[in-house]
Structure formats: C-alpha cells, structure tokens
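A.B. asks: Here is my input, please return the structure:
(chains A, B, C and D)
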2 protein chains.
Amino acid sequence: MVGLKDVAALAGVSTATVSRVINATSPVNVETRDVVEKAIRDLNYRPNRAAQMLKMQTSQTIGVVVNRFDSPYFGAILEGVDQALRGVGFKTIAEASNETEKGQIDALASLSARQCESFVVHADAVQEDKLVELLQHYPTAVVVNREVPGYETRCVKLDNIRAGEKAAEHLLQMGHTDIATVTGPLHLNEIRDRHTGFTSTLEKHGHALNPDLIYRGNLSPSGGYSAVNELLDANTSATAVFFHNDMMAAGGMQACYERGVHVPQDLSFIGFDDLDFAQFMNPPLTTVRQPMREIGAAAGQLAHALLGPDFDASATLRPFKADVIERASVLNKTIKN
Amino acid sequence: MVGLKDVAALAGVSTATVSRVINATSPVNVETRDVVEKAIRDLNYRPNRAAQMLKMQTSQTIGVVVNRFDSPYFGAILEGVDQALRGVGFKTIAEASNETEKGQIDALASLSARQCESFVVHADAVQEDKLVELLQHYPTAVVVNREVPGYETRCVKLDNIRAGEKAAEHLLQMGHTDIATVTGPLHLNEIRDRHTGFTSTLEKHGHALNPDLIYRGNLSPSGGYSAVNELLDANTSATAVFFHNDMMAAGGMQACYERGVHVPQDLSFIGFDDLDFAQFMNPPLTTVRQPMREIGAAAGQLAHALLGPDFDASATLRPFKADVIERASVLNKTIKN
DNA sequence: AACCTCTATGTAAACGTTTACTTGCCCGAT
DNA sequence: ATCGGGCAAGTAAACGTTTACATAGAGGTT
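C.D. replies: Residues are numbered from 1 along each chain as shown, chains lettered A, B, ... in the order given. Modelled structure (predicted):
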C-alpha cells in the first residue's frame, strides 16, 4: 500500500506537507504543491480512510440496517437516507439483518464498529425492552417505522393508525359495508396499528368487522393468494377486502383471475404501500400510499441532527401520513346503475 | 470513546491481554479472562474497527457500486453479493452512484478509501477506455453486466445477445412474424446486444424487423407508454412487441388498457427482467428472466476469489443465460381456432 | 540447587494519518 | 547590522489496535 510517506519521499518533502496539500489545511508554496500533486498522481495515492478515521475520530458516515436489500420497501428507505445525507457530506452504509432480532442487533453493532457516527435502524424483530436498551447504547440511533415509548423523538414512522382509518373510510365512502381484511403478522406493531385503525373506524360507523373475515397474511403474494381463495370458498357476502400490503393484494388478484372473479365488479381491493407495480396491475390497484422515501430522508436527517450538540428535541417531526391513491380496484357502489 | 486501554486499566491487566481474550489469539488464564470479560461488559467496550483495519491491513469487506438503491434490479444484485459473501465472513458495503460516469468512478474511489479489499461495480456510464483504466487501478474489481474487452475474466454478465435471440425465437415460435420492439438507450451495451440478438434471429428466419417498428424507450414506464401509443396510432400490422424491460412493458400495457386494445388478443407483449410484479400483471407478463440475484452472487464470489493469490483465471464463469418465462401476454397464433 | 520448559503476562513498535509545535528563512523596519 | 514578523516546511506525538519479543514465575528433572 502506497502511503503518505511514499508520496513525501518521491516529492522530497515531509508527510506533513503532503497532508497539507491534500487537505488544503494550510497554505503551501505553489511549486511544492505541484510537485506533490504529481507524486500523488504518479503513485496513485489514496488516503487510507481507516487511518483518517482513527486519527480524526470521525467517519462522516451513518449506518442503515435494513431487513434485506432486494425489497422495494427497504430500497426506498435507503435511497431516502442516502439522498438526505449526500447533501451534508455524509456517506451511507447499509447492512442487511436477515429479519431476525439477533441479525438486527448484530448489524447495528457491526456498523457501530465500523465507526458509523449515527444510525437508522429498522428493528421490527427486536423486543421492546431490548430495543430501549439499544437506544440507550447508541444515543444517535433512530428507529424507523416503529414507535418506542419514551423515545418518540428518535422514531420516524408512518401514522399507521390513521392509515388504517383512511383505508376504512375510503371503503365506506365507496359504499362498502361488508368488508374483509388480510393482515400481516400481528407481532409487528405497524400491522397492529393499521388493524386497530381499520377496525375501529368500521365499528364507529356501525359496520364492525366480522371476525370470520379477518385473514392473517404473511405479507407476501402467497398469503394474499390463499386468503382470497379461502374467502371465496367461504362464500361470504364480502364486497371488499383491505390488504395490509400490495404484495398480498397482488397475490389475491391472481387468485381472482384464476377463478374468474372480476375485480372490482365482484370484489373490491385496496392495498397498502403503493409499490411501483400497483399502478400497473390490471385493474390498477387502489392503495394506501406510504411515503417510504420521505420517511427514509427524514430518518437520515434526524440521525444527522442527533450528532449536533445543539439538537432540539422539540423539533420532533410528526408521524408521516398515508394517503389513499384511488385507482380502479374498488367499485363505487354509491352510483348504482 | 472507551478503548482497550480503559478495559485494561479496569481489569488491572495490560492491553495485550485484553486483546488476547477478545481475539482468543493465545491462551489466557481463566480467572483473568473472567475479569477482563466483565470489564468489557461493564464498559460496553467495542473494538474500534478503524484501528483494527489500520493495524491488520485488512477489512474483510467488499464494496458494491450500484446506480441507486430503490431499484429491484440493484436490490437483487446487492442481495446476491451479500449472500455470497456472508458465507465467507465478508461484509458488503454499497454506495449509490447517481448513474453518472463521475458518480461511478467516485463511488469506487470512496469505497476503496474505505479499505474495501475488492469491488463489484455496475459501471454502465463510464467510457470503455476509462473503465479499462479503472480495472487496472483496482485489480480486484469486477464489473457486472458489462463486458470489457481484455478483461473478460473479471466481468460477470448476462449473455444479452442470446437473450435477445430467445425473445425473438419465442415470438416466432408462437407464430408472430410482424414484430415491433421498444429498446432502451443504445449507448448501453446490454441494450445493443439484446437488440442485435433479437434482430439477427428475426432476419435469419426471414422476418427482418421493420425499421419503422423500432422504438427507442427510456427503460421506464413512460417510455413504453408513449411507444405503444405511437405504435397504435401508426396503425401497423404488428402483432407483438418486445420490450427491453418489464417497466416499459407495464407502461405499454397501461396504454393498451386505456385504449381498449386487449393483450394478448390484439397485441402480444414480451418483456425483459422478470421483475416481481411481472407475474401479477393482468395478463401475467411473458418475459425474459434475468437471474440478477445469481449474477450478484457470482460477482461477489469472483470478487472474493480475486483476493486469493491462487486465483485461477481459467475458472472463468460463462455468461449467465436468460430464459423466457411463459405467461399469458403473448398469443399463440399457431393454434388458430 | 542449578537448570530447563512451559505458560501467562507485559512491553513497545507499528499501521497511516493529522496537527500542534518548532525551525529556518526572507524581507522590511529600525 | 540587528531584530522581528510571516510564511513555508519539518518533527514528532497521538489515535486504538495487534503482535513479536521479552519477562517472570512455577514446576520438573537432574
């Protein structure tokens, strides 16, 4: 490895001088500068970041832990974080966690060891008490899409309750009263929140959800597929179903397609997330949009702000809100023809 | 920051001993070990990776440069690399390049400065001569989805020519002879390759592509959308169209949907990539599958192998091959009813 | 009792930077 | 001539590890 020393030797100056021309940290004679710069080029010298970090005690890097890389959800978050940080000269580095509690904790530790100064963590698999402990250990970490009691100012998330309400409101508005839902794993609190928002507004309007019409999905297409098949087999009177994500809605749509039931004429669909493909489904999927990119960006900014000693905890950002994107998968029953 | 020194002080031993218990690098008395371990826990000590890297001159890390994070394409590649490397104890770190030549070169430099020992680079925007230079500068870098003359053993990619041929063959097999295509930017050699594969086999079978039916797309839905509208406006006799990616096919499908032309009855679609959503389109999209995850994994393995002094260049992996995934978007004209 | 061997531990140098401090020099003011 | 002030460059310490080498006991063998 070619180091400062080699450059210095070749240029006939001291390492201090080389460092100075590199970092423009104090004036250096223009001739010497040229000589040094040539030496740098000739040797293809690159500063050793490890040494810099060690000396400067700073890395200008924030670490992101995601469940996996090949997911539109995490991709958007990562992109958001990266964009927010690029502006302030920080680097983003990401690590995948395998979706397990251990994986998420380890990933955080690994990023920390890599001298990340701050973190944004998706920690859906860690127990709450453990998570609190983590937040204490890593005082600059921010949690994404989850709310930790006592640490609200370090969480950036969607208002999932409100989002669930909106889904219900939309269905109600369109004249549906006989409604089914396919949820996700109930240990995820985003799912629980959406579900309570959904059921409570249905109740409030006097159309309480029939417990038989609650299907537990797995957040992937297969879950939606089998749920819809069950629903159809049960021969219920349901006219609409709320899927807790678009993937399951897609699976459900496929089940309908295979059985010849038409969406939305026979059954209405509303999804969640608004993934890229939602607009390209046939019919285009009405869904509750979750601004993941923005959430990522906000998390990135927060993580960065946490670094400043002057951080104002009262500048806490309100939870993000979801919006229903109306497309063509829910039938408007109020205009009977 | 709590360091080895603090632990040593608290435990009443030397830093060397602490290092030894951490790394189990030589036997240490069980009592001392316990004391040290307690000290480590009490202080919540974590080794400083920057210092370790500096001293050990190794990072066990490979860097990946992608165009962006929020793309199914790069997500899959990243996931593949990560999985391949996880097995051999390496970490993956990724950086986004903004899709520009400068961005890609800078990202590589940045990863290199971070002491990555090896790299997998998606460098679609850099000029070939510049890329050759890069490959010389970074002797452990591997290029993904591009072939650099003279450096074939360090490129892992799809056989795009063959993939284009397969698309054509499939259409031909299904009885289509009047065919259109919407390509991507022709400066990308993957696009060029697919195109030449496609056109040449059409020619070979005596159904040379009508130049008027070649549309230049932008690889995103809008490109497919407008291309299909043009095609439909031109009132041609084309019965099938080959899209250079699924995104454009989705856009095209939407155009058809709006204009009431039925896929595949009125117009057949074949896409490229096999993104997740292809199977959920309506009709499900027939497409040429590109095994991106596998490509990523292979690239990761290669990048790792390059590190060994015993690397055998003859163990070069053949280009990956694409397969057409038959679904329902191309009409079989050979069974006339 | 002198010697050797083994094991457990300590000492200190090194990794590649940055930077406070020092040095040397030139030039203008006295 | 001498001094002082600036500027350019050099010296060396420090960052937190790892590790080759040195040291010190504890037994064992003669």
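
A.B. asks: What helix or strand is the closest residue to A:T287 other than its chain neighbours located in?
C.D. replies: Spatial nearest neighbour of A:T287, excluding adjacent residues (CB to CB, 6 or more residues apart in numbering or on different chains): A:G271 at 3.7 Å. All C-beta atoms are positioned from the backbone trio N, CA, C, and that covers glycine. If you go by DSSP states H and E, A:G271 is part of strand A:268-273.

A.B. asks: In its sheet, which strands sit next to that strand, and in what direction?
C.D. replies: Sheet pairing of strand A:268-273 (DSSP bridges) gives strand A:240-243 (parallel), strand A:286-289 (parallel).

A.B. asks: Just name the most buried of these.
C.D. replies: strand A:240-243 (a mean of 29; mean count of other CB atoms under 10 Å in any protein chain shown).

A.B. asks: Not counting its own residues, what contacts it?
C.D. replies: The contact list for strand A:240-243, computed with CB atoms under 8 Å, 6 or more residues apart in numbering or on different chains, reads A:167-168, A:171, A:174, A:176, A:178-182, A:198, A:217, A:224, A:228, A:231, A:249, A:252, A:267-272, A:330-331.

A.B. asks: Can you name the next helix or strand after it?
C.D. replies: According to DSSP H and E, the helix or strand after strand A:240-243 is helix A:246-259.

A.B. asks: Endpoints of stretch A:132-143, how far apart?
C.D. replies: End-to-end distance for stretch A:132-143: 10 Å, by CA to CA, to the nearest Å.

A.B. asks: for stretch A:256-274, same thing?
C.D. replies: 20 Å.

A.B. asks: How about stretch A:10-25?
C.D. replies: 21 Å.

A.B. asks: coming back round to it: now do the same for the strand holding A:G271: mean pLDDT, whole number.
C.D. replies: In this model, strand A:268-273 carries a mean pLDDT of 98.

A.B. asks: picking up where we left off before, which residues does the residue nearest to A:T287 contact?
C.D. replies: Contacts of A:G271 by CB under 8 Å, 6+ apart are A:F243, A:N245, A:D246, A:M248, A:A249, A:A250, A:A278, A:L285, A:T286, A:T287, A:V288, A:S329.

A.B. asks: Need the worst-confidence member of those residues.
C.D. replies: Minimum pLDDT across these is recorded for A:A278, with 89.

A.B. asks: Quick check: phi and psi at the nearest residue to that residue once chain neighbours are set aside.
C.D. replies: Nearest residue to A:A278 in three dimensions, chain neighbours excluded: A:L285, at 4.2 Å (CB to CB, 6+ apart). A:L285 adopts backbone torsions of phi -80, psi 120, taken as degrees, to the nearest 10.

A.B. asks: what about A:E101, how many neighbours?
C.D. replies: Look at A:E101: counted by other CB atoms under 10 Å in any protein chain shown, it has 16 neighbours.

A.B. asks: just the one 3 residues further on next, same as before
C.D. replies: Neighbours of A:Q104 under the rule other CB under 10 Å: 26.

A.B. asks: which stretches of the stretch 101-250 of chain A form helices?
C.D. replies: Using DSSP state H, counting those that start in this stretch, the helices of the stretch 101-250 of chain A run over A:101-113, A:128-137, A:160-173, A:189-204, A:221-233, A:246-259.

A.B. asks: mind listing what's buried in the first one?
C.D. replies: Going by neighbour count (16 or more other CB atoms under 10 Å in any protein chain shown), the buried part of helix A:101-113 is A:E101, A:G103, A:Q104, A:I105, A:A107, A:L108, A:A109, A:S110, A:L111, A:S112.

A.B. asks: ok, now which ones touch the third one?
C.D. replies: The reference is to A:Q104. A:Q104 makes contact with A:V65, A:S97, A:V121, A:H122, A:A123, A:D124, A:A125, A:V126 under the criterion CB under 8 Å, 6+ apart.

A.B. asks: Now do the same contact list for the second one.
C.D. replies: Taking CB under 8 Å, 6+ apart, we find A:S97 in contact with A:V65, A:V66, A:N67, A:R68, A:G103, A:Q104, A:D106, A:A107, A:H122, A:A125.

A.B. asks: Great, nothing more from me.
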